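Enquirer: Quick one, fold the following:
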Amino acid sequence: MTSQNSVTTPLDTLAASASAKKGPPPVHKWHPPLSGTMDMVIRRDGSWWHEGTQIQREALVRLFSTILRKDGKEFVLVSPVEKWIITVEDAPFVAVDVDVIGDGDAQVLHFTTNVGETTDAGPDCPIRVSEDPATGAPSPYVMVRDGLEALIDRKTFYRLAELGEEHDGRIGVRSNGVVFALEG
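Expert: Below you'll find the predicted structure:
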């Protein structure tokens, strides 16, 4: 309950909307008018910042991650009544672990992100590697959902490299019947 002196911010409204129901919200069905641009940034390391301050509450970050959507080239936090553009420096998530399930053609790479979301690499959730323009280092990604990718962290990428096999003269990994190159 808020006091008469408190101010409700767009962040409060979005949090309340997202926490009202259990399970992933149907953000694909929500099409409110654009409310504006929010001073929220998801940094390359996966940390979330609001008005220059890092959001320290993991539960709040996880909550906001469930109402994140990509509309064209814009990243938005969306509720049934509001839509706010936010800034994402690279990818909105970081893949912090991978489990290998099965082997051979039946192998599945099961990724876990920094916000606890999971995805299995495959035809609908590909792995891609590009070259980081700032460092020249490989930047590996896995699709999580609906155009939202996770940057694969270094330790997890090294684990993938250990699994790598030569396919058509390139090093790649297999998941859900698809071979993904580990080179940009």
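Enquirer: ranges for the helices of this structure?
Expert: Along the chain, the stretches classed as helices by DSSP state H are 10-19, 58-66, 154-163.
Enquirer: So which elements touch the second one?
Expert: Taking 3 or more C-beta pairs under 8 Å, 6 or more residues apart in numbering; DSSP states H and E as contact, the helices and strands that helix 58-66 lies on are helix 10-19. No exception for glycine: its C-beta is placed from N, CA and C like everyone else's.
Enquirer: Name the spans of the chain whose pLDDT lies under the cut-off.
Expert: Scanning the chain with the threshold set as pLDDT under 70 gives 1-23, 184.
Enquirer: now do 80
Expert: 1-24, 132-133, 184 (pLDDT under 80).
Enquirer: Could you state which residue of it sits nearest its centroid?
Expert: For the chain, Phe93 is the residue whose C-alpha lies nearest the centre (C-alpha atoms, centre = their mean; 3.0 Å).
Enquirer: Return the set of residues that bridge with the closest residue to that one other than its chain neighbours.
Expert: With sequence-adjacent residues excluded and distances taken as C-beta to C-beta, 6 or more residues apart in numbering, Phe93 is closest to Ala150, at 3.8 Å. Per DSSP bridges, the residues bridged to Ala150 are Phe93, Val142.
Enquirer: that older thread, looking at it, the residue nearest to the centre of the chain is touching Arg145, isn't it?
Expert: No: with contacts counted by C-beta atoms under 8 Å, Phe93 stays clear of Arg145, the gap being 9.4 Å.
Enquirer: what is in contact with the two at once?
Expert: Glu117 (C-beta atoms under 8 Å, 6 or more residues apart in numbering).
Enquirer: okay, now the residue nearest to Phe93: neighbour count?
Expert: Other residues within reach of Ala150, judged by other C-beta atoms under 10 Å, total 27.
Enquirer: Kindly provide the distance from Pro25 to Glu131.
Expert: Note on Pro25: its distance to Glu131, by C-beta to C-beta, to the nearest Å, is 35 Å.
Enquirer: And His50, by the same measure?
Expert: 31 Å.
Enquirer: Those two: which has the busier surroundings?
Expert: His50 (16 against 12).
Enquirer: Once you drop chain neighbours, what's closest to Thr118?
Expert: Nearest non-adjacent residue to Thr118 (C-beta to C-beta, 6+ apart): Thr112, at 5.3 Å.
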